[in-house]
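J.: would you be able to build a 3D model of this:
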Amino acid sequence: MPKVLQVLHSDEKSGVEALAAMIGGDLARAGADVETYFLYPSFSAGKATKLLGAARGLRHIIRSHPDMILTYQATASVLAGVAGRAMGCRLRVVHQTANPSVTHPVSRWLDRVAGANEFYTANIANSQATLAEFADYPARYKDRMRLIEHGVRPPCPRTGRAATLARYQVPDDSAILFNAGRLNEQKAQQHIIGTLPLLPRVRLVLAGGGALEETYRSLAQSLGVADRVHFLGYVTRDDVGDLLGAADVFVFPSVWETFGLAIVEAAMLGVPVVCTDLPVLREVMSVEGATIAKFVAPDNTPQFAAAIAEAMRPSEAAKALAFAPGLQAKYSEQRMFAAYRAMLWPPQV
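T.: Numbering: from 1, shown residues only. Down below sits the predicted model:
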């Protein structure tokens with residue numbers, strides 16, 4: 001039985017953890033012994049805690065002697081690449097889950113050196129837009145890069161709208177805007193909160209926790225919309241499915257993404273979506289050149305509000321439902337699973 005070790009920074013209930021759970025779960029079902037290891041107690045841990053976590057992680061990797069290491073963030077990738085090659089691990093597979101421009105300079109440099117010196121056997125990007133971010137990297141780095149598009153499991157709401165909203169004490173008296181993601185600078189939920197004074201007949205439901213929660217609560221209070229913003233904190237993947245089933249529009253104002261799992265999940269369920277105009281989101285929200293997404297320039301609150309108002313029209317809901325099957329086919333889980341299984345169990349020629 002091949003042994004697979006997945007190494008992540010911390011369990012933040014984000015798309016990275018969801019991706020690791022999907023890949024690890026499938027490899028386990030296929031017959032691998034899969035362990036998932038977290039380096040830090042939280043992403044916001046202090047420098048000393050992170051250094052200690054990295055040292056413990058390095059020791060754990062060496063002691064585990066896995067046949068395949070899968071990592072999902074820069075520090076974990078460098079540790080696994082160095083330790084894995086030193087111990088003779090056959091498969092050292094890393095994922096680029098953050099653009100180079102937003103990665104810590106030290107981590108970015110270490111990743112560049114490790115990749116260019118073949119410490120990775122495969123370096124995965126899950127979108128063409130992410131691959132393009134590495135265009136100026138050394139050829140020896142890019143030689144190990146490959147595209148494996150994210151597989152996405154379509155959400156399946158377990159309860160109807162009324163029951164879901166009642167569970168979270170959200171009054172069912174208005175249109176529901178929904179966002180799922182960490183409350184941080186990348187996800188930029190302040191742009192949604194800022195639309196509420198322009199959209200008096202909507203409520204905003206935010207599923208996720210993070211460092212900016214109190215800042216966002218204060219913003220909502222200052223704008224006079226605190227009674228229409230509902231902070232749910234971290235919720236499970238199943239709960240996100242229920243909330244998507246209760247939503248009228250999914251709003252995604254991220255300032256950068258390498259894929260955008262949450263918005264794809266929403267569109268797979270037939271929920272109209274409004275998002276920042278990023279190349280990666282135009283890519284993932286397109287099926288044979290068509291899209292139902294409303295793309296908005298970053299930091300443009302009036303444009304976000306206008307796009308949301310348009311997305312709430314009944315005709316847009318019908319378009320979103322018709323678009324969903326094509327997106328489900330485009331990002332089939334089975335395609336992604338097959339790519340990772342083929343690395344661990346190469347086809348016999």
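
J.: was I right about residue 85 contacting residue 117?
T.: No - using C-beta atoms under 8 Å, residue 85 is not in contact with residue 117; the gap is 9.2 Å. Yep, even glycine has a C-beta here, placed from its N, CA and C like the rest.

J.: these two: which has the busier surroundings?
T.: residue 85 (17 against 14; other C-beta atoms under 10 Å).

J.: check the more buried one and give its pLDDT.
T.: Residue 85 carries a pLDDT value of 90.

J.: quick check: it is in a strand.
T.: No - counting by DSSP: H, G, I helix; E, B strand; the rest coil, residue 85 is not part of a strand but helix.

J.: hmm, who's touching stretch 12-29?
T.: Residues from elsewhere that reach stretch 12-29, judged by C-beta atoms under 8 Å, 6 or more residues apart in numbering: 4, 6, 8, 11, 34, 36, 42-43, 70, 72-73, 95, 97, 126, 150-151, 153, 181-182, 208-209, 234, 237, 259, 261-262, 333, 336-337, 340-341, 344.

J.: show me which of those are buried.
T.: Buried subset of these (neighbour count, 16 or more other C-beta atoms under 10 Å): 4, 6, 8, 11, 34, 36, 43, 70, 72-73, 95, 97, 126, 150-151, 181-182, 208-209, 259, 261-262, 333, 336-337, 340-341, 344.

J.: now do the contacts for the closest residue to residue 197 other than its chain neighbours.
T.: Once flanking residues are discounted, residue 197 sits nearest to residue 223: 5.5 Å by C-beta to C-beta, 6 or more residues apart in numbering. Applying C-beta under 8 Å, 6+ apart, we find residue 223 in contact with 193-194, 196-197.

J.: rerun that using 10 Å as the cut-off
T.: Counting by C-beta atoms under 10 Å, 6 or more residues apart in numbering, residue 223 makes contact with 193-197, 229.

J.: in the protein, which spans are strands?
T.: 3-8, 33-38, 68-71, 91-95, 122-125, 145-147, 175-180, 202-207, 229-233, 249-252, 273-276, 294-296 (DSSP state E).

J.: does anything pack onto the last one? Which helices or strands?
T.: This means strand 294-296. strand 249-252, strand 273-276, helix 301-311 (3 or more C-beta pairs under 10 Å, 6 or more residues apart in numbering; DSSP states H and E).

J.: parallel or antiparallel, which strands does that strand pair with?
T.: strand 273-276 (parallel) (DSSP bridges).

J.: circling back: in helices only, show me the contacts of stretch 12-29.
T.: 237, 261-262, 333, 336-337, 340-341, 344 (DSSP state H).

J.: got these as JSON lines, with distance to residue 55 columns?
T.: Below are those laid out as JSON lines (distance: C-beta to C-beta, whole Å):
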{"residue": "237", "distance to residue 55": "32"}
{"residue": "261", "distance to residue 55": "31"}
{"residue": "262", "distance to residue 55": "33"}
{"residue": "333", "distance to residue 55": "35"}
{"residue": "336", "distance to residue 55": "32"}
{"residue": "337", "distance to residue 55": "33"}
{"residue": "340", "distance to residue 55": "29"}
{"residue": "341", "distance to residue 55": "33"}
{"residue": "344", "distance to residue 55": "28"}
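
J.: which of these sits closest to residue 319?
T.: Closest to residue 319 out of those is residue 262 (19.8 Å), distances taken as C-beta to C-beta.

J.: and the closest one, how close does it get to residue 142?
T.: 29 Å (C-beta to C-beta, to the nearest Å).

J.: for the closest residue to residue 87 other than its chain neighbours, give me the pLDDT.
T.: Using C-beta to C-beta, 6+ apart and skipping the chain neighbours, the partner closest in space to residue 87 is residue 62 (6.0 Å). As summarised for this prediction, residue 62 has a pLDDT of 89.

J.: for residue 62, give me its contacts.
T.: Residue 62 sits next to 79, 83-84, 86-87, 89 when contact means C-beta under 10 Å, 6+ apart.

J.: do the same with residue 95
T.: When contacts are counted by C-beta under 10 Å, 6+ apart, residue 95 touches 8, 16, 19-20, 23, 70-74, 76-77, 122-126, 130, 148, 258.

J.: swap in residue 93?
T.: Per C-beta under 10 Å, 6+ apart, neighbours of residue 93: 4, 6, 23, 68-72, 77, 80-81, 84, 120-124, 144, 146, 148, 340, 343-344.
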